[in-house]
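1. Fold the following.
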Amino acid sequence: MIERFEVGSRFSEVAVYNGVAYLAGQVPLDETADAYTQTQQVLAEIDKWLEKANTDKSKILMATVYLKEITDYAEMNRAWDEWVAENNAPPRAAVEAKLANPNWKVEIVVTAAV
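-> As a prediction, the model looks like this:
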């Protein structure tokens, strides 16, 4: 059985199937903030959705980070390093990408064990 959270007409925020939580791409709340602050906001959203799926950041299986500008890589990593679960850093990719909203500097997608 697939369990979905915050189901909209276009997408769900989370789907859980067979012990894995799949999060939609999480984006910042403040479009005017710098890359560090936007990353903090995105990571807080990830924490919120993981909790709703009865899991947490220590159980992330894979993360993909999309950056509007690769020059924001260091600032994104600063926020990531402060947040990531100690001794449980997941496999991760980070790429430069054209994001759906030109004011977003970062979007992150994760999957996690439940």
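2. Which parts of this structure are strands?
-> If DSSP state E is used as the criterion, the strands of the chain fall at 3-7, 12-17, 20-23, 60-67, 92-96, 106-113.
3. Among those strands, which comes closest to residue 33?
-> Of all these, the one in closest proximity to residue 33, counting by C-beta to C-beta, is strand 106-113 (10.1 Å). Every C-beta, even on glycine, is put in place using the N, C-alpha and C of the backbone.
4. Pull out the buried residues from the closest one.
-> Of the residues in strand 106-113, those buried by neighbour count under the rule 16 or more other C-beta atoms under 10 Å are 106-112.
5. Tell me where the longest helix sits in the chain.
-> Longest helix of the chain, by residue count under DSSP state H: helix 35-52.
6. before we move on, back to that, can I get the buried residues of strand 106-113 in CSV including pLDDT and distance to residue 5?
-> Written out in CSV, the entries for those read as follows (pLDDT from 0 to 100; distance: C-beta to C-beta, whole Å):
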residue, pLDDT, distance to residue 5
106, 98, 22
107, 98, 18
108, 98, 17
109, 98, 15
110, 98, 14
111, 98, 14
112, 98, 13
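7. which one of the residues you listed is nearest residue 62?
-> Residue 62 lies nearest to residue 111 out of those, by C-beta to C-beta, at 5.2 Å.
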